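# Let's see this in three dimensions:
(2 chains)
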Amino acid sequence: MPGVYDCEIIEHSAVGENVRRTVLHCPEIASTARAGQFANVAVAHGTDPLLRRPFSVHATYPSDGLFSFLYVMVGRGTALLSKMEIGQSVNVVGPLGRGFDLGDDPDAKHFVVAGGCGAAPLHFLCEAICEKWGCSGVSVLSGAQSRDAVLCETEFLSHGVDVGISTDDGSYGYHGFVTALLREKLAAQADCRRIRVYSCGPHAMMREVAGISREFGVASCQVSLENNMACGIGVCMGCVQKIRGAAAGDTSESEWHFERVCRDGPVFDAEDIVWD
Amino acid sequence: MGLTKPNLAVSIAGLTMKNPVTVASGTFGFGREMAEFYDLSRLGAVTVKGTSLEPWAGNDYPRTVETPSGMLNAIGLQNGGLTDFLEDKLPFLRQFDTPVIVNVVGHSLEEYVQVAAALDKADGVSALELNISCPNVKAGCLAFGSTPEGAAQVVSAVRTLTRLPLITKLSPNVGNIVEIAHAAAEAGSDALSLINTLLGTAIDPWRRKFRLANVTGGLSGPAVKPVALRMVYEVARNVQVPIIGMGGIMTGIDAVEFMLAGATAVAVGTASFVNPMAALDVIHGIEKYLASMGIGDVNEIIGAVGK
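Prediction:
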């Protein structure tokens, strides 16, 4: 269940170029958030900007009552959050949304595919998979534009999972898109039917990950979507995504319906999505 | 300061509310998500999202965009339809000790009539709010709400088939809201809700595109409050039915201003997006205002504004 909490800002730190990590104190969120969920943050006290900003949970430290966000400074909301002072309190609604499903196959292999700042929630996911199934079957593929933009590499490595990095410009790791790296990795597998793919990143990248996953016949592919949110709690119906089939309870032959990214997602089964 | 708590109960169109605060249709879903945050029984009434005869898919996205001290939305009244409301949404709401006001929408007169007739027979529906003011739906809806004749037509058609309190939700996107309010009241509307959102748009200058897929949307939030307050005042002064005032209410003090302007009750809308607890904060704020002013009954402030 989500709640509304005043959380003390414990730490702000710069993580590479234009990327910040903010650690907040909130025992409730720290102990109940699941990988893929987010929290909605009041970045201003007045009425402008009016709406909260959603941030995916990057890590939780339940024993210390802490959790963190990792975000690229892209606009007003992220700038405002990063400028709040340590010790100051920030109002947060969370944890929100439906997170990743880790499956029930103990022998599954897990491919975690990140694009840019999509790595943020996948660090949390990686930890959750390791905790549930152990780290031996986990591979992280993380793509960025260039070496400077690679996120969370050390954190992924610290879990002891297999990590592959790609950069668009070839300045570090595999030269090319992370989707090409995924294709190579899957092609090298004898059998893909027990592979679970999880992805977060730019829309076009996730669409490609979904396509490749289907092509190789993996067990499941889940993607974490983003959309303009007003409420973040499922009441405004603003942040919708086209989903295959008729809505629950709709007896028509409708080929698709809208679901809320904030409440029915942000994590969806890639096969359910009507890709733009 | 008195030792007893001020009376907060109001009566609107035969509906008794334990406090004057409900929520604006479309900002609260059908209550299920908000019930995770607090007990809905604490509200004066719950007003649910627009309900149509058949399921409505809603508009394409992007559907919302933030604006200075406000936001535009063009949801297009996505809802699961009447059957889904009766079988899934209404049973959930029955567990709460608060009136349920159902917002009714339609593409045609016949659709309004059919939805209203079904709701009239349903257990747990306390009142109907006729939505003739949604700016984001192509057919019906605002077409009725933009002329006195259209408003009267829908209200009379529904009036003949239900004894439930009938509230009509009016649009601010009209030349003279008092005329429309008059027509709705004359046709048998027991109360009026105002205002719905103000029609607007937003443009992304770098991409040279509209920010909403629907091009236009409805403006809400603190930015619209002065307009809403003026309209509530004008209608209250000229039309003899109670008003549920809404438009940018964020605090108890905002709500008090609407009541001073003539509203008998108020609805909290966009504020619930900003803070899920907003409606409760508004109730508390009204109570605090009354106590600090030494007023024993909230009814005393209705229309009590002077020049």
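
# Just the residues contacting stretch A:120-133, thanks.
In this structure, residues lying in contact with stretch A:120-133 by Cβ atoms under 8 Å, 6 or more residues apart in numbering or on different chains are A:33-36, A:38, A:56-60, A:69-71, A:100, A:102, A:106, A:108, A:110, A:112-114, A:135, A:138, A:140, A:142, A:151-152, A:155-156, A:159-161, A:198, A:200, A:224. All C-beta atoms are positioned from the backbone trio N, CA, C, and that covers glycine.

# mind listing what's buried in it?
A:120, A:121, A:122, A:123, A:124, A:125, A:126, A:127, A:128, A:129, A:130, A:133 (16 or more other Cβ atoms under 10 Å in any protein chain shown).

# Hmm, residue A:260 and residue B:29 touching each other?
No. Residue B:29 lies out of contact with residue A:260 (Cβ atoms under 8 Å); the separation is 9.6 Å.

# can you map out the helices along the stretch 151-276 of chain A?
With DSSP state H, counting those that start in this stretch as the criterion, the stretch 151-276 of chain A has helices at A:153-158, A:178-187, A:203-216.

# how about low-confidence regions in the stretch 101-250 of chain B?
Along the stretch 101-250 of chain B, the model assigns pLDDT under 70 to residues B:138-139.

# Can you name the residues of it that neighbour chain A?
Counting by Cβ under 8 Å from any Cβ of the partner chain, the stretch 101-250 of chain B comes close to chain A at B:221, B:222, B:250.

# Quickly name whichever of these is closest to chain A.
Closest to chain A out of these is residue B:222 (4.6 Å), distances taken as Cβ to the nearest Cβ.

# Who are the contact partners of the closest one?
Counting by Cβ under 8 Å, 6+ apart, residue B:222 makes contact with A:47, A:50, B:69, B:70, B:248, B:250.

# Kindly state the pLDDT recorded for the closest residue to residue B:7 other than its chain neighbours?
By the measure of Cβ to Cβ, 6 or more residues apart in numbering or on different chains, the closest residue to residue B:7 outside its immediate chain neighbours is residue B:297, 4.3 Å from it. Per-residue pLDDT puts residue B:297 at 98.

# ok, residue B:297 to chain A distance?
31 Å (Cβ to the nearest Cβ, to the nearest Å).

# contacting residues around residue A:203?
Residue A:203 makes contacts with A:225, A:226, A:276, as judged by Cβ under 8 Å, 6+ apart.

# Residue B:113: which of those residues is nearest?
residue A:276 (38.1 Å; Cβ to Cβ).

# Tell me the residues on chain A that lie near chain B, please.
Taking Cβ under 8 Å from any Cβ as the contact definition, chain A meets chain B at A:1-4, A:42, A:47-52, A:91, A:93, A:227-241, A:247, A:249-250, A:252, A:254, A:257-258, A:263.

# Of the residues you listed, grab the buried ones for ChimeraX.
A single ChimeraX command selects the buried members of the residues of chain A next to chain B (16+ other Cβ under 10 Å):
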select /A:2,3,42,47,49,50,51,52,91,93,227,228,229,230,231,232,233,234,235,236,237,238,239,240,241,247,250,257,258,263
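
# Looking at the residues of chain A next to chain B, which are in strands?
Counting by DSSP state E, the part of those found in strands is A:3, A:4, A:91, A:93, A:240, A:241, A:257, A:258.

# and the closest residue to the fifth one other than its chain neighbours, bridged to which residues?
Excluding the flanking residues, the one nearest residue A:240 by Cβ to Cβ, 6+ apart is residue A:258, at 3.8 Å. In this entry, residue A:258 is beta-bridged to residue A:242, by DSSP bridges.

# quick revisit: could you report the neighbour count for the residue nearest to residue B:7?
Residue B:297 sits with 13 neighbouring residues when counted by other Cβ atoms under 10 Å in any protein chain shown.

# measure it to residue B:265 for me?
Distance of residue B:297 to residue B:265, computed by Cβ to Cβ, to the nearest Å: 14 Å.

# go on, residue A:61?
From residue A:61 to residue B:265 the distance is 46 Å (Cβ to Cβ).

# distance between stretch A:163-172 and the chain's centre?
Averaged C-alpha coordinates place stretch A:163-172 at 20 Å from its chain's average position (Cα atoms, centre = their mean, to the nearest Å).

# just the strands in the stretch 1-150 of chain A please.
A:3-14, A:19-25, A:38-41, A:53-56, A:59-61, A:66-72, A:89-96, A:109-115, A:138-144 (DSSP state E, counting those that start in this stretch).

# May I see the ones you listed arranged in JSON lines, with distance to residue B:149 as well?
JSON lines is the format used below for these (distance: least, Cβ to Cβ, whole Å):
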{"stretch": "strand A:3-14", "distance to residue B:149": "46"}
{"stretch": "strand A:19-25", "distance to residue B:149": "56"}
{"stretch": "strand A:38-41", "distance to residue B:149": "44"}
{"stretch": "strand A:53-56", "distance to residue B:149": "45"}
{"stretch": "strand A:59-61", "distance to residue B:149": "60"}
{"stretch": "strand A:66-72", "distance to residue B:149": "53"}
{"stretch": "strand A:89-96", "distance to residue B:149": "45"}
{"stretch": "strand A:109-115", "distance to residue B:149": "56"}
{"stretch": "strand A:138-144", "distance to residue B:149": "61"}
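
# Tabulate the ones you listed in a markdown table, adding columns for mean pLDDT.
Formatted as a markdown table, the strands of the stretch 1-150 of chain A follow (pLDDT from 0 to 100):
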| stretch | mean pLDDT |
| --- | --- |
| strand A:3-14 | 96 |
| strand A:19-25 | 96 |
| strand A:38-41 | 98 |
| strand A:53-56 | 97 |
| strand A:59-61 | 97 |
| strand A:66-72 | 96 |
| strand A:89-96 | 98 |
| strand A:109-115 | 97 |
| strand A:138-144 | 96 |
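
# May I ask which helix or strand encompasses residue B:266?
Using DSSP states H and E, residue B:266 sits within strand B:265-268.

# I meant to write residue B:225 there.
Using DSSP H and E, residue B:225 sits in helix B:225-238.

# Which residues outside that helix are in contact with it?
Against helix B:225-238 from outside (Cβ under 8 Å, 6+ apart): B:170, B:172, B:177-178, B:181-182, B:192, B:194-195, B:198, B:243, B:245-249, B:254, B:257-258, B:261-263, B:303, B:305.

# re the thing from before, quick one: mark the members of the residues of the stretch 101-250 of chain B next to chain A that sit in helices.
Assigned to helices by DSSP state H, none of those qualify.

# Span of stretch B:190-201 from start to end?
End-to-end span of stretch B:190-201 (Cα to Cα, to the nearest Å): 33 Å.

# Please state the offset of it from the chain centre?
Its chain's C-alpha centre and that of stretch B:190-201 lie 8 Å apart, by Cα atoms, centre = their mean.

# on that earlier part again, let me know the closest of the contacts of residue B:222 to residue B:37.
Out of the contacts of residue B:222, the member with the shortest distance to residue B:37 (by Cβ to Cβ) is residue B:250, at 16.8 Å.

# Could you check how many residues crowd around the closest one?
As a burial measure, residue B:250 scores 23 neighbours (other Cβ under 10 Å).

# same deal with residue B:268?
Number of residues near residue B:268 (other Cβ under 10 Å) recorded here: 28.

# same check, this time on residue A:83
Quick note: residue A:83 (other Cβ under 10 Å) scores 11 neighbours.

# okay, it: pLDDT?
For residue A:83, the model assigns a pLDDT of 92.

# Can you tell me how far the closest residue to residue B:132 other than its chain neighbours is from residue B:177?
Excluding its sequence neighbours, the residue lying closest to residue B:132 (Cβ to Cβ, 6+ apart) is residue B:145, at 3.3 Å. Remark: distance between residue B:145 and residue B:177 (Cβ to Cβ) = 10 Å.
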